[in-house]
Structure formats: C-alpha cells, structure tokens
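Asker: Kindly return the folded structure for what I paste below:
(chains A, B, C and D)
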Protein chains: 2
Amino acid sequence: MNAIGFPTHDHSHCIADALKAAETLCAQRKLQFTPVRRRVLEILLQEHRALGAYGILAELAKDGLGSQPPAVYRALDFLVQNGLAHRIEQLNAYTACVHADRDHAPAFLVCRGCKAVAEAETELNQGRLGIAARHSGFVIERIVVEAEGLCPACAEGSA
Amino acid sequence: MNAIGFPTHDHSHCIADALKAAETLCAQRKLQFTPVRRRVLEILLQEHRALGAYGILAELAKDGLGSQPPAVYRALDFLVQNGLAHRIEQLNAYTACVHADRDHAPAFLVCRGCKAVAEAETELNQGRLGIAARHSGFVIERIVVEAEGLCPACAEGSA
DNA sequence: ATTGATATGTTATAACATTGCACATTACAA
DNA sequence: TTGTAATGTGCAATGTTATAACATATCAAT
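Answerer: Next up is the predicted model:
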C-alpha cells in the first residue's frame, strides 16, 4: 500500500486500528455499529481510495449482508453522518476517514489516475470564500474542498 | 432577481451582456457558438442558480433544439470546457459563469434551501491543501471549492 | 404485552451520464 | 469548387448513482 500521503505502512494494522476507533466512538455516542456498517467501513478501509456505492454493494453482497442499493446508502449515510467516512463529490464516491475522532472540515487530494485519496484539513470560513460569505450574509455549514490532479506515481507513468 | 451576492439588478441586461461576451470569446478562439450551446448558456443565465442537465434538456426540447441527453451534455461540456459555465459537484448541476473572460479557479457558495449559487475565486495551491500537495509531490490541476449553507433569505425562513 | 425507536429488507423508480453509430455541417486546402 | 477532414447533431440504447415508499424485524423501556 502506498497512496498519496500514505507511505508504505502496515495496512492491516491501520485497518484494525480504524475499526477499533470506530467501535469506541460508536460506543461513546451510543450508536449501533452494526455488521453492515462495520463491514462497509472495513471495505472502505481496505484501500486509501474512493469507492462507488455499487462497488461496495457488490462486496457486501458477497457476505450476504445486503443486496439492494438502500443497504449501502444507509450504511454510508451513517458513516458520513458520524464522520467515519467522507463523500468525494467529484467522483460520487466514498472514502474512509483517516482521523474520525475529532470534528473537522476535510479537504482532499484526489488522483485522477488511480483515484487515490489523501485527506487534509481546511477551515470553514477561510480565505476569499469566507469573505464573500460574510459580505453577503451567507452562513457556511459545510465546505467541499477537493483538489484533482496527479499523484507522484501516476505523474511518472503519464509523463 | 436577488440571489446571494446578486443584489437586485437588471437581469435581462445581465443575460444579454453575458451572451455577448460569450459570443466574442468564441469568435476570438474560433469556437462555434452554435444555437444549442447558446441556448443552454441562456437557460443557465436565466437564474443565478444551479440547474440539472435534465431540467435544461426539458427547456431545450421546448425549442426543438434537442431531445436526447447527449445534446445537453455536449453543450454543457463545451461551456464548462471553455469556462462559460461551471459544474457544481455537490449537486450534479450546472451554473453559468459570472466572469467567463479570464482564467480562474472558481469557488462557490451554494444555498441548500433555494440552490442559489454565488461565485467567488480561490487559488490552486493555497492553504493547507497546497502544503499537503507540495509535501507529497501531488500536482494539483483543478480544485473544487463549494461551501454549502444558507443564504440570508432562506436563513430567515427556516429560523 | 404494548409501544416506540432504530435498523433492515424489498420493489420500483428517479435522476444523472455515457456509448455508439449515422448523418449533417463547416472549414479549408488542393 | 470540390474533396476531405474535423466538428457538431440526432437518436437509440444502456449504464451508473440515488431515493421513494412500504413492509418487517429487533430490542429496550414501560
């Protein structure tokens, strides 16, 4: 495993840790970390990439954990709602959160070659957009920041 | 007309100006500003809001300018490609550009109530995301910045 | 036992987008 | 001015993503 911002690492450990953290977080908030939800998060954690809902559904189906679209979408809603996963708007796809603990405004680097996703942070009312918002009385609740480009590996290949 | 960042203004004049500018720009670049393309831009310009492809298609169909999805998508591709319109990723929808002349990295305020869209600007390699990119050797080509929230009018209503 | 809250199952359909091919138009050089 | 390449359009079919609507299950609290 070696995606943008994720130098070679013990990936199975990384997955286990994240699942553990999710468990803890759900326990604290009295949320049900059900098999479907757990499995969807696990599938997302397999790769530091964005996966489409129907791809996830296919995996889910293999385990007999649901075969219809709503099953995935509900699980994804839950995960996104609780900050355990994020939606990548420009791909209509989903990716596991790399630091699900604290509340944050995520920003992403998305490789158009391999769909690898790296997560960074931003602020809600930063920069020119924040200024524009204040000027017009617009209240920002969420901000989507996604950079599209090429990761080092893909840049090499297409150069 | 009075959307975020667009205080009451002479909207028909605003539309006419934008169409004129688009014409000029296409002439300069030797691009064909065909009836379909012109009409799609005009439809987008009617409102400072994001419109879905199928909604636009319905309008187009009324004028006998195309009845199949590819007609709109091709026109939208053309407009987006040439900076005359933008795609709002979080809505899978499109909006006319308010300053199609210069090359720019657009950022948007999108009202979740009325879908009104205001356009601001940002920079490609700004802030923490730029830093993350430089650190990992990621080359940013395009950046999606979309703030979701409530415009003053909708905030009033839902308060 | 009954209720209420939450999660899931199931069918159907809405909404968004692309592919592939044939035909028309335009641009432009021979 | 005619041939030809490039570009744009029409049309049918299909693919992909997402939700509506309704039924059922599970389980804890009264």
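
Asker: Without its sequence neighbours, what residue ends up closest to A:Arg112?
Answerer: A:Glu148 (5.5 Å; CB to CB, 6 or more residues apart in numbering or on different chains). Heads up, the C-betas are built off the backbone N, CA and C, glycines and all.

Asker: how many neighbours does the one you found have?
Answerer: A:Glu148: 17 surrounding residues under other CB atoms under 10 Å in any protein chain shown.

Asker: What angle do strand B:139-150 and the one helix or strand it maps to make with each other?
Answerer: Assigned by DSSP states H and E, A:Glu148 falls within strand A:139-150. Inter-element angle recorded for strand A:139-150 and strand B:139-150: 160 degrees (by axes from the mean of the first three to the mean of the last three CA atoms, to 10 degrees).

Asker: Strand A:139-150 pairs with which strands, parallel or anti?
Answerer: As defined by DSSP bridges, the strand partners of strand A:139-150 come to strand A:105-111 (parallel), strand B:139-150 (antiparallel).

Asker: Just the CA trace of it, in PDB.
Answerer: Provided in PDB are the C-alpha atoms of strand A:139-150 (Å, rounded to 0.1, in the frame of the first residue of the first chain):
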ATOM      1  CA  VAL A 139     -23.900  31.100   6.600                       C
ATOM      2  CA  ILE A 140     -21.500  28.300   5.700                       C
ATOM      3  CA  GLU A 141     -22.300  25.000   7.200                       C
ATOM      4  CA  ARG A 142     -20.100  22.600   5.300                       C
ATOM      5  CA  ILE A 143     -17.400  23.100   2.800                       C
ATOM      6  CA  VAL A 144     -16.300  20.800   0.000                       C
ATOM      7  CA  VAL A 145     -12.600  21.100  -0.900                       C
ATOM      8  CA  GLU A 146     -11.300  18.600  -3.400                       C
ATOM      9  CA  ALA A 147      -8.200  19.000  -5.500                       C
ATOM     10  CA  GLU A 148      -8.000  17.000  -8.600                       C
ATOM     11  CA  GLY A 149      -4.600  16.200 -10.100                       C
ATOM     12  CA  LEU A 150      -1.900  13.500 -10.400                       C
END
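
Asker: Could you give the number of residues near A:Pro69?
Answerer: Based on other CB under 10 Å, the number of other residues close to A:Pro69 is 11.

Asker: still on that earlier bit, who touches the residue nearest to A:Arg112 in this structure?
Answerer: A:90, A:110, A:112, B:140-144 (CB atoms under 8 Å, 6 or more residues apart in numbering or on different chains).

Asker: Backbone dihedrals for the most centrally placed residue in chain A, both of them.
Answerer: Here the mean C-alpha position of chain A is nearest to the C-alpha of A:Thr95 (CA atoms, centre = their mean), at a distance of 2.8 Å. Dihedral angles of A:Thr95 (phi, psi; degrees, to the nearest 10) stand at phi -140, psi 150.

Asker: what about A:Glu23, distance to chain B?
Answerer: A:Glu23 is 28 Å from chain B, where distance means CB to the nearest CB, to the nearest Å.

Asker: which SS state does the spatially closest residue to that residue that is not a sequence neighbour fall under?
Answerer: Among residues not flanking A:Glu23 along the chain, A:Phe33 sits closest, at 5.7 Å (CB to CB, 6+ apart). Secondary structure, DSSP: H, G, I helix; E, B strand; the rest coil: A:Phe33 is coil.

Asker: Quick one: name the residues of chain A near DNA strand C.
Answerer: Listed as neighbours of DNA strand C in chain A under the rule CB under 7 Å from any atom of the strand: A:31-32, A:34-37, A:65-71, A:74-75, A:78.

Asker: switch to 10 Å and redo it
Answerer: Residues of chain A lying near DNA strand C by CB under 10 Å from any atom of the strand: A:26, A:30-40, A:60, A:64-75, A:77-78, A:81-82, A:90, A:92.

Asker: Just the buried subset of the residues you listed, please.
Answerer: Buried residues within the residues of chain A next to DNA strand C, defined by neighbour count using 16 or more other CB atoms under 10 Å in any protein chain shown: A:26, A:33, A:36-40, A:60, A:65-66, A:71-72, A:75, A:78, A:82, A:90.

Asker: Stretch A:38-52 vs chain B: in contact?
Answerer: No - Stretch A:38-52 lies out of reach of chain B by CB under 8 Å from any CB of the partner chain, never closer than 11.9 Å.

Asker: ok, A:Leu57 touching A:Pro70?
Answerer: No - taking contacts as CB atoms under 8 Å, A:Leu57 lies outside contact range of A:Pro70: 9.8 Å.

Asker: Now the residue of chain A positioned farthest from its centre: phi and psi?
Answerer: Here chain A reaches farthest from its C-alpha mean at A:His135, the gap being 31.7 Å by CA atoms, centre = their mean. Main-chain torsions, A:His135, degrees, to the nearest 10: phi -60, psi -40.
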